[in-house]
Structure formats: C-alpha cells, structure tokens
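>>> A structural model of the following input is requested.
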Amino acid sequence: MPRRPVILFAAACAVIALALGLITMVVVKGREQSAQIAAETGTGQPTVGGPFTLTNQDGQVVDQSILKDKWTLVFFGFTYCPDYCPTTLGVLNAVQERLENDLGDKAKDLQIVFVSIDPERDTPKLLKDYLSSDGFPDGVIGLTGTPEQTAQVAKAYRAFYQKVGEGEGYTMNHSLTVYLMGPDGQFRSAVAHDLGPDKTAKLIERAMERG
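Numbers count the residues shown, from 1 in each chain. Here you go, the predicted model:
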C-alpha cells in the first residue's frame with residue numbers, strides 16, 4: 001500500500017478510536033449519575049423537590065404547600081413548546097381518565113402541576129388559556145414566576161432548561177421527566193415522559209398503595 005493511503009488510514013483509525021472512547025465516557029458517566037440518584041432515592045431521603053414561591057394561572061402567589069395532602073405530578077415545560085409539552089399533557093389526560101376508571105373518587109387525590117421554564121413569555125393569563133385546551137387534563141395548576149424563582153424551583157427538582165435562539169422566535173430546551181410527589185410533599189418516583197398512560201397509571205396506583 002502506498003505511503004500516503006497508509007497514513008490516511010491510520011489517521012482515520014485514530015479518529016474513530018477517539019470518538020468511541022468519548023462515547024464510552026459519556027455513557028458511563030450518565031450511568032454513574034443515574035446510579036447515584038437511584039442510590040440517594042433508596043435512602044428514603046428526597047432527591048428532588050423543595051421550597052418555592054411562584055404565581056399560579058389565577059395570579060395568586062403560591063408555595064410548596066400546594067403539594068400537601070395531594071399526590072402530585074410535577075411537570076416542567078412552556079406554552080410555546082411545539083411537541084413534548086402538549087404530548088405529555090395529552091398523556092397525563094389519559095392517565096387521569098384511567099385513574100378515574102380504576103380508583104373512582106380516590107383519583108381526585110391526584111393533581112397535576114405544570115411549571116413554566118419560560119418566564120419571559122408565560123404570563124398567568126397565557127398559562128390559563130393554554131392549560132384549558134381540549135385534550136389536556138382537567139384542573140392542571142399552572143405556575144410561573146420571575147427568572148430567579150424559575151431557576152430556584154428548577155434546581156430543586158433537578159430540571160434542566162436552556163433558552164435557544166434570540167428574538168421572538170426563541171425556544172427552550174428542557175428535561176422531560178415528570179415527578180411524582182407524595183401527600184407529604186416529598187418525592188416518590190420519576191416518571192419517564194414516554195412510559196405511556198397505562199404504565200404511568202399503574203405506577204401511580206402502586207405508589208398510592210405504599211403511601
């Protein structure tokens with residue numbers, strides 16, 4: 001083989017090896033972080049949640065006490081979200097219907113809280129209009145606040161968000177986990193956004209049975 005192709009081939013192999021090494025590091029790091037969170041949860045101590053002060057869709061200032069005496073699904077998103085937020089709220093609507101069929105009046109023990117990570121645009125009125133859309137769950141509590149209040153509650157729940165772009169057309173990247181909180185206001189379980197209505201409803205039912 002001529003010298004130049006040999007050199008190019010060797011360089012390509014080195015690049016591929018480096019890329020594979022970086023991918024392995026990212027995967028391993030992600031698994032380590034997931035294992036750490038799982039281990040912390042296993043201690044019985046909450047790993048997510050905490051004090052917050054925000055404004056609901058009726059313009060009322062509320063805090064973490066709204067979680068007391070109710071099972072709560074806490075979900076972070078924004079009203080301009082083109083896909084994940086309306087899809088997740090649609091799934092939670094189906095979950096709500098399944099729980100009503102399975103649990104009857106006990107299903108009223110569950111509430112859904114939608115926390116905006118877009119305080120620049122999501123006013124209480126906009127949240128109220130958005131959450132009253134057809135196909136969304138009944139009685140969702142929408143919360144918004146100042147940028148500082150938003151950062152505080154997102155940090156408490158380990159929810160990632162990031163503004164992308166400039167001007168009126170910007171969007172928001174954000175994590176997709178839904179958090180199940182118990183009637184004591186403490187974290188019970190993380191619910192994957194793609195778990196589906198049936199499995200999500202069963203997860204909630206089992207959590208309610210355990211208390």
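>>> for the helix or strand where L89 lies, buried residues please.
Assigned by DSSP states H and E, L89 falls within helix 84-103. Neighbour-count burial for helix 84-103, counted by 16 or more other Cβ atoms under 10 Å, picks out 84-86, 88-96, 98-100, 103. Yep, even glycine has a C-beta here, placed from its N, CA and C like the rest.
>>> do the same with stretch 163-176
Applying a neighbour-count criterion of 16+ other Cβ under 10 Å, one finds 172, 174-176 buried in stretch 163-176.
>>> over to stretch 65-75?
The neighbour-count check on stretch 65-75 (16+ other Cβ under 10 Å) flags 66-67, 70-75 as buried.
>>> end to end on it, go ahead and measure it.
By Cα to Cα, to the nearest Å, the extent of stretch 65-75 from end to end equals 17 Å.
>>> roughly how far is it from the heart of the chain?
In terms of Cα atoms, centre = their mean, to the nearest Å, the centre of stretch 65-75 is found 14 Å from the chain centre.
>>> identify the spatial nearest neighbour of M181, chain neighbours not counted.
T72 (4.4 Å; Cβ to Cβ, 6 or more residues apart in numbering).
>>> please report the distance of the one you found from K128.
In this structure, T72 and K128 are separated by 19 Å, where distance is defined by Cβ to Cβ, to the nearest Å.
>>> same question for T47.
Between T47 and K128 the distance is 31 Å, computed by Cβ to Cβ.
>>> same deal with P51?
P51 sits 24 Å away from K128 when distances are taken as Cβ to Cβ.
>>> quick one, which of these two is more surrounded?
A direct count of neighbours by other Cβ atoms under 10 Å for P51 and K128 places K128 higher, at 15 against 11.
>>> that one reaches Q57, doesn't it?
Yes: applying Cβ atoms under 8 Å, one finds K128 in contact with Q57, separated by 3.8 Å.
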